[in-house]
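**Student:** Kindly generate the corresponding structure for this input.
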Amino acid sequence: MSSFAAATAAGVRFGRVVLMARGAEGVANSVNFYQNALGLTVVRHTDDWAELACGIGGRDDQPSSSSSSIPQQASGAFRLTIRSVESEAQLSAGYAPILTFDVDDMDMTVARCAQMGASLDGPIQYPAHGKVAALRAPDGYIIGLYEPAI
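**Tutor:** Numbering: from 1, shown residues only. As a prediction, this is how the structure comes out:
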C-alpha cells in the first residue's frame with residue numbers, strides 16, 4: 001500500500017498551510033496581497049486570523065473562471081491560513097513554508113504581484129518544463145510561481 005493510500009485509509013488529508021503575521025495589521029496586509037495579487041478567495045477574516053482558498057491541481061483541474069467563489073468546505077481547495085502572532089520566534093524565517101502557485105501567465109502574475117508590493121527574488125527561470133519564478137511577498141514569505149510549458 002502506498003503512503004498516499006495509507007494516509008487516505010487512515011483518514012488523513014492535507015488541511016492547510018499556516019503563515020504567521022505580526023498582529024492584526026500584518027494579517028490584513030497579507031490578506032490584501034494574497035487576495036488581490038494572486039486572486040485567492042477570502043473565506044473568513046478576523047483581526048487575528050484569516051482563511052483564504054483557491055483551486056488545486058493542473059489547469060484541467062481548476063474551477064472555471066465563471067466560478068466567483070470557492071465554497072467554504074470545498075474539497076479540492078487549497079487553504080491558506082494567516083494567523084496573528086507577537087512572538088519573534090514564531091516569525092522566524094527558518095520556520096516559514098514556501099508557497100508555490102501554478103499560474104497561466106507568468107508575466108501578468110509577476111506584474112500584478114509587484115504592483116501589490118512583492119519583489120522578484122532573482123530572475124525568472126526558463127527550464128524545459130516551463131517558467132519558474134521566486135517572489136518575496138510584502139509579508140516576507142517566499143512565493144514560487146510555476147507556468148508549465150504547453
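**Student:** now the residue nearest to residue 85 when sequence neighbours are not counted, which residues is it bridged with?
**Tutor:** Residue nearest to residue 85 in three dimensions, not counting chain neighbours: residue 20, with 4.7 Å by CB to CB, 6 or more residues apart in numbering. In this view, the C-beta of every residue, glycine as well, is placed from N, C-alpha and C. Here residue 20 shows beta-bridge partners residue 83, assigned using DSSP bridges.
**Student:** Check the burial of residue 20 by counting its neighbours.
**Tutor:** Residue 20 is surrounded by 22 other residues when neighbours are defined as other CB atoms under 10 Å.
**Student:** How much space separates the nearest residue to residue 37 once chain neighbours are set aside from residue 30?
**Tutor:** The spatially closest residue to residue 37, leaving aside those adjacent along the chain, is residue 116, at 3.8 Å (CB to CB, 6+ apart). Look at residue 116 and residue 30: by CB to CB, to the nearest Å, they are 11 Å apart.
**Student:** what does residue 22 give?
**Tutor:** Here the criterion is CB to CB. By it, residue 22 lies 10 Å from residue 30.
**Student:** Please say which of those two ends up with more neighbours.
**Tutor:** When residue 22 is set against residue 30 and neighbours are counted by other CB under 10 Å, the residue ahead is residue 30, at 25 against 18.
**Student:** for the more buried one, helix, strand, or coil?
**Tutor:** Three-state assignment for residue 30 (DSSP: H, G, I helix; E, B strand; the rest coil): helix.
**Student:** what separates it from residue 137, distance-wise?
**Tutor:** If you measure residue 30 against residue 137 using CB to CB, the figure is 8 Å.
**Student:** Return the set of residues that bridge with residue 148.
**Tutor:** Residues in a beta bridge with residue 148, per DSSP bridges, are residue 130.
**Student:** Sketch out the low-pLDDT regions of the protein for me.
**Tutor:** In the prediction, the chain carries residues with pLDDT under 70 at positions 1, 3-4, 7-14, 58-76, 93-95.
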